[in-house]
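Chemist: below is the structure, and that's it, no one-letter string:
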């Protein structure tokens, strides 16, 4: 066949672990610290920006929760077995008061905070569930006034101040002792009864033999509870509330849970979570909901602290709901996720949907929990919403599978499909969190199996049934970094990162047009900060003092880059050979670099390795016979200032060429390389570059890398080579 040329029309579909013969042309062997989109192609991932060091000691194992109060207020909550800490978006710690102490947070030996707490935020209230606490009823007619002094409530005016006695949502309990006897119907009650007299009404056929209790008031009969009935939940064993106060501080204290006011154990039984451990808390249809084992208990509508009926005579539509799954086997519900206007419940092996009569709404008699699918799930990983679908994780034999769960196109059936089917051994087991980004059509995965990585799933639906992109890659940070948690807010990926010297809050801009502060371009340095240097005429050196320590192992990767305030050479790299570290937070460089702020941070490397290439016949089937020797690759780039080509013609002995696109010669293609970054402002260029391979396609390894602070974006490629087939007919 001789010399042939073939295009690679796109590069945005990420890694595939399938045999190279069946991969898509747009899939690759390796993609690290890159971000692929159907519009831009594949580019260097955005940098992490330093926000603050929030602790001076690692907090691995803590439970992390994001409060998204409104557009201007967002908080990170760190829960441990001893305390709760709250930080705003700037990393500034907010005061948290503990008027009732922190005993509810205590954990048994062997339990970790990361998996032992569940949090749900409703307005300014964040309900905190300790999954290891068994809910209990208080003793008969117990005096809970000491703990009542610190109750919090919802939908009531708050008193000023963060501590001290607080108004109760529910009035205090009143003992009932004057039981007078039983009557058949309400009409049989004696009109001469004194105030405080209590009777049981056993009911008639007309009232469906409903049994209830009434007590004589001032001229009226009021429905009440049975005498001798334990009617109060021990609030110290129930979820507590973390409350944002009017002055911007927080307080953590017991919530006000309503006592049972009417009925008895039959007509108004204890909620199913009494005597058990709550596994999750969520908010749905204006009800606060708690899951435990195979049941879900829902508060009265708009009355979030009340899980008891208001009357034993009539079942009101807004009464509390306590409902079990419709399964014959034991099922422990772990998570509840809204989906398509309905509510999905996840257990270890089964997915359920809460169904209700659309005309009746959510009432005690209209609900059922029905099994819809049976997929194994990782119990420690909470499913997340992303668009119209829900994503969840299963783990087996050391690796994780991520499922996309939603309505099958063209039907009303729910089903799940694996989005890691082409990378079955890519994400190590130990997934701790899924982080969705609806604006970027992306899912970020954190795993203890590779704690310094963020695995990235990027997708794009071309239609209701066709995905044009289904890309996996990972972003890698320092070797000793532990990415604990994260969330996406306002097109930023917020990350909580543990290091040996403390825990850091950082954020990564995800918007495609994001630039460095004050500049028209991005500066690709992790842990990036803006620092003004101080010049000494005596030493002839500029000193930079950093807001965080740089470990000795990371200092070779540290870079100082002129900011946009420099009239000469903005975005130029300060020569790394001149860096002298006085200590972990102070370094000096030769010359005066104090005219404006500089960007400081750690360099990181983008790497994109092409898949093995095959010729294809007219039916697009790879030709696996013969010998295909690659001659050249051509890459098409846009708005790029720097990249390298790495070629190993025989799989070893890598040949590296450094490219500064704006300095490419149309005749020779040679550049000045890394030294060009020190000479002045970068120039971003769009074009193509051809480089030599001269190795067999089954052994040659071809990569594009970028370890600089400047951008590189690749949209497509092309390869040419010689094909020889010695087979004879």
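Modeler: Good, I have the coordinates. All values reported here derive from a predicted model rather than from experimental measurement.
Chemist: remind me, longest strand of the chain?
Modeler: Determined from DSSP state E, the single longest strand within the chain is strand 627-640.
Chemist: give me the angle between whichever helix or strand comes after that one and strand 627-640.
Modeler: Going down the chain from strand 627-640, the next helix or strand is strand 643-648, by DSSP states H and E. Angle of strand 643-648 versus strand 627-640, following axes from the mean of the first three to the mean of the last three Cα atoms, to 10 degrees, is 170 degrees.
Chemist: check which residues of the following helix or strand past strand 643-648 are buried.
Modeler: Counting by DSSP H and E, the next helix or strand C-terminal to strand 643-648 is strand 655-659. By neighbour count on 16 or more other Cβ atoms under 10 Å, the buried set for strand 655-659 is 657, 658, 659. No exception for glycine: its C-beta is placed from N, CA and C like everyone else's.
Chemist: which strands or helices does strand 655-659 pack on?
Modeler: Under the contact definition 3 or more Cβ pairs under 8 Å, 6 or more residues apart in numbering; DSSP states H and E, strand 655-659 sits against strand 643-648.
Chemist: show me where the stretch 151-300 of the chain has strands.
Modeler: 179-183, 198-201, 212-216, 221-224, 240-244, 250-254, 280-284, 287-292, 295-298 (DSSP state E, counting those that start in this stretch).
Chemist: which stretch among these comes nearest residue 699?
Modeler: strand 280-284 (52.4 Å; Cβ to Cβ).
Chemist: what is the burial count for residue 402?
Modeler: The tally of other residues near residue 402 (other Cβ atoms under 10 Å) stands at 24.
Chemist: ranges for the helices of the chain?
Modeler: 113-116, 145-148 (DSSP state H).
Chemist: just give me the lowest mean pLDDT stretch among those.
Modeler: Sorting those by mean pLDDT places helix 145-148 lowest, at a mean of 60.
Chemist: so which of the strands of the stretch 151-300 of the chain is nearest residue 102?
Modeler: Across these, closest to residue 102 is strand 250-254 (Cβ to Cβ), at 7.5 Å.
Chemist: could you list the paired strands of that closest one along with their orientation?
Modeler: Using DSSP bridges, strand 250-254 pairs in its sheet with strand 96-97 (parallel), strand 240-244 (antiparallel).
Chemist: just checking: what are the partner strands of the longest strand of the chain?
Modeler: strand 685-696 (antiparallel), strand 713-724 (antiparallel).
Chemist: from residue 31, how far out is residue 532?
Modeler: Going from residue 532 to residue 31 by Cβ to Cβ, to the nearest Å gives 36 Å.
Chemist: these two: which is more packed in?
Modeler: residue 31 (26 against 15).
Chemist: ok so, going back, from the buried residues of strand 655-659, which single one is nearest residue 366?
Modeler: residue 659 (65.9 Å).
Chemist: list the contacts of that closest one.
Modeler: Neighbour list for residue 659: 642, 643, 644, 645, 671, 689 [criterion: Cβ atoms under 8 Å, 6 or more residues apart in numbering].
Chemist: who's in contact with the residue sitting nearest the centre point of the chain?
Modeler: Computing the C-alpha centroid of the chain and ranking residues by Cα atoms, centre = their mean puts residue 435 first, at 2.9 Å. Residue 435 makes contacts with 384, 443, 444, 445, 446, 486, 487, 488, 493, as judged by Cβ under 8 Å, 6+ apart.
Chemist: redo the buried residues of strand 655-659 as TSV? Include pLDDT.
Modeler: Listed next are these as TSV, based on pLDDT from 0 to 100:
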residue	pLDDT
657	94
658	93
659	92
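Chemist: what is the nearest of the residues you listed to residue 36?
Modeler: For residue 36, the nearest member of the buried residues of strand 655-659 is residue 659. The distance, counting by Cβ to Cβ, is 20.1 Å.
Chemist: wait, residue 526 sits on residue 47?
Modeler: Yes. Contact criterion Cβ atoms under 8 Å: residue 526 and residue 47 qualify, at 5.4 Å.
Chemist: need the residues touching each of those two.
Modeler: Joint contacts of residue 526 and residue 47 (Cβ under 8 Å, 6+ apart) are 601, 604.
Chemist: show me where pLDDT drops low in the stretch 301-450 of the chain?
Modeler: Across the stretch 301-450 of the chain, the ranges flagged by pLDDT under 70 are 328, 330, 357-361, 409-411.
Chemist: show me where it has strands.
Modeler: 321-324, 333-339, 342-347, 351-356, 367-373, 384-386, 389-396, 399-407, 414-418, 431-437, 442-447.
Chemist: for those strands, give me JSON lines that also has distance to residue 119.
Modeler: Compiled in JSON lines, those are given as follows (distance: least, Cβ to Cβ, whole Å):
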{"stretch": "strand 321-324", "distance to residue 119": "22"}
{"stretch": "strand 333-339", "distance to residue 119": "13"}
{"stretch": "strand 342-347", "distance to residue 119": "17"}
{"stretch": "strand 351-356", "distance to residue 119": "21"}
{"stretch": "strand 367-373", "distance to residue 119": "23"}
{"stretch": "strand 384-386", "distance to residue 119": "15"}
{"stretch": "strand 389-396", "distance to residue 119": "19"}
{"stretch": "strand 399-407", "distance to residue 119": "23"}
{"stretch": "strand 414-418", "distance to residue 119": "26"}
{"stretch": "strand 431-437", "distance to residue 119": "13"}
{"stretch": "strand 442-447", "distance to residue 119": "17"}
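Chemist: pretty sure residue 40 sits against residue 715.
Modeler: Yes. With contact defined as Cβ under 8 Å, residue 40 counts as touching residue 715 (7.4 Å).
Chemist: how about residue 563, what does it touch?
Modeler: 516, 517, 518, 519, 530, 570, 596, 597, 598, 599.
Chemist: also residue 180?
Modeler: Going by Cβ under 8 Å, 6+ apart, residue 180 touches 193, 197, 198, 199.
Chemist: mind listing the residues bridging to residue 485?
Modeler: Bridge pairing for residue 485 (DSSP bridges) gives the partners residue 496.
Chemist: near the closest residue to residue 242 other than its chain neighbours, how many other residues are there?
Modeler: Distances taken as Cβ to Cβ, 6 or more residues apart in numbering place residue 126 nearest to residue 242, at 4.2 Å, with adjacent residues excluded. Using other Cβ under 10 Å, residue 126 has 26 other residues around it.
Chemist: contacting residues around residue 126?
Modeler: 65, 67, 77, 119, 120, 241, 242, 243.
Chemist: try it again with 10 Å
Modeler: Taking Cβ atoms under 10 Å, 6 or more residues apart in numbering, we find residue 126 in contact with 65, 67, 69, 75, 77, 79, 84, 86, 119-120, 239-244, 250, 252, 281.
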